[in-house]
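>>> sequence unknown, structure follows:
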């Protein structure tokens, strides 16, 4: 007799168990099930999908030598910002440089547990030093409160939830957030009740998937699957997609081993960059050179603004393997980001001393 499973967690767990058992059975019999007729997650919406697969990096290579050769070839198009530092500062002379930084994978390493993505004391000191000489903003997919807890600096501006929660100078905006903080700009504030509801539904949907983790970033919900078994990745994506696809008020985007449910408004890190520049008094594109360092697909929106919109500036991607990107320069990993920031601060400090 057939029994209907009404509990969504038990239903998901049963589906996963059936899939695993089928995979083991077919492996034993010497063939695999074709998934060609399986519904795939649609290409994720938004400008992140302009062909710049920032988080799906590289291509298949036959060995370490090919990977090294590919990276060397890629560096011709996206030279090291450290090796190109002299040309960068030549272009920056006489200009107002504004610094923008991603957090995860840029100021801190990518880690298995997102709650453990701490930046080093050396990196914090470097950001602090840069902020003494340049207006410095951190634009992260994390909630603004969370990234502030990680960075622990009061001389930088913070934009959380991919720019949906921005703390700007108090003189620029007179609005307040719920905590009474002056200068909070939150274009998706009306979505908060719906975001909380879909967060609860997500927990019900994927709670049975081993390793799945939901992070509430206030104006977006992140579903991390870095610790999910590879054979369950597709199931997780399908579950999340099925929840979002019939809700036009939300859109689904993808980062490094993370799916993000975001409000369906035309806002991203690129627009956040422009908003911060304007509110910092840097709306004159001729005088200002924005420098943006980031490692993820969502950072491509900021790279696009610099490359196409303003036309001048330094988009820098953090990557140790070849990747499609709109960035002009590259840094291999957070350790190179640290070296670059220290060098940038040292240059401006010596320039000021020379003028005096």
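It's in. All figures in this text were calculated on a predicted structure; none of them were measured in a lab.
>>> switch to C-alpha atoms for all contacts and neighbour counts from now on
Fine.
>>> quick one: buried residues of the helix or strand hosting residue 242?
If you go by DSSP states H and E, residue 242 is part of helix 233-244. Within helix 233-244, the residues that count as buried by 16 or more other CA atoms under 10 Å are 233, 235-237, 240-241, 244.
>>> go on, stretch 107-124?
Applying 16+ other CA under 10 Å to stretch 107-124 flags 107-110, 117-119, 123-124 as buried.
>>> you'd agree residue 154 is in a strand?
No: looking at residue 154 with DSSP: H, G, I helix; E, B strand; the rest coil, it is coil, so not inside a strand.
>>> circling back to that earlier point, what's the closest of the buried residues of helix 233-244 to residue 265?
residue 244 (14.7 Å; CA to CA).
>>> Quick check: which ranges of the stretch 101-250 of the chain have low pLDDT?
169-183 (pLDDT under 70).
>>> what are the ranges of the strands in it?
136-139, 157-160, 165-167, 184-185, 213-216, 221-224, 250-255 (DSSP state E, counting those that start in this stretch).
>>> how about the ones you listed in a markdown table, adding mean neighbour count and distance to residue 78?
What follows is those, written out as a markdown table (neighbours: other CA atoms under 10 Å; distance: least, CA to CA, whole Å):
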| stretch | mean neighbour count | distance to residue 78 |
| --- | --- | --- |
| strand 136-139 | 27 | 22 |
| strand 157-160 | 26 | 27 |
| strand 165-167 | 26 | 30 |
| strand 184-185 | 22 | 34 |
| strand 213-216 | 18 | 33 |
| strand 221-224 | 24 | 29 |
| strand 250-255 | 21 | 21 |
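>>> so which of the ones you listed gets nearest residue 319?
Going by CA to CA, the one of the strands of the stretch 101-250 of the chain nearest residue 319 is strand 250-255, 13.9 Å.
>>> got the angle for that closest one vs helix 233-244?
150 degrees (axes from the mean of the first three to the mean of the last three CA atoms, to 10 degrees).
>>> ok and the helix or strand following strand 250-255 relative to strand 250-255, angle-wise?
Downstream of strand 250-255, the next assigned helix or strand under DSSP H and E is strand 258-263. If you take the same axes, to 10 degrees, strand 258-263 sits at 150 degrees to strand 250-255.
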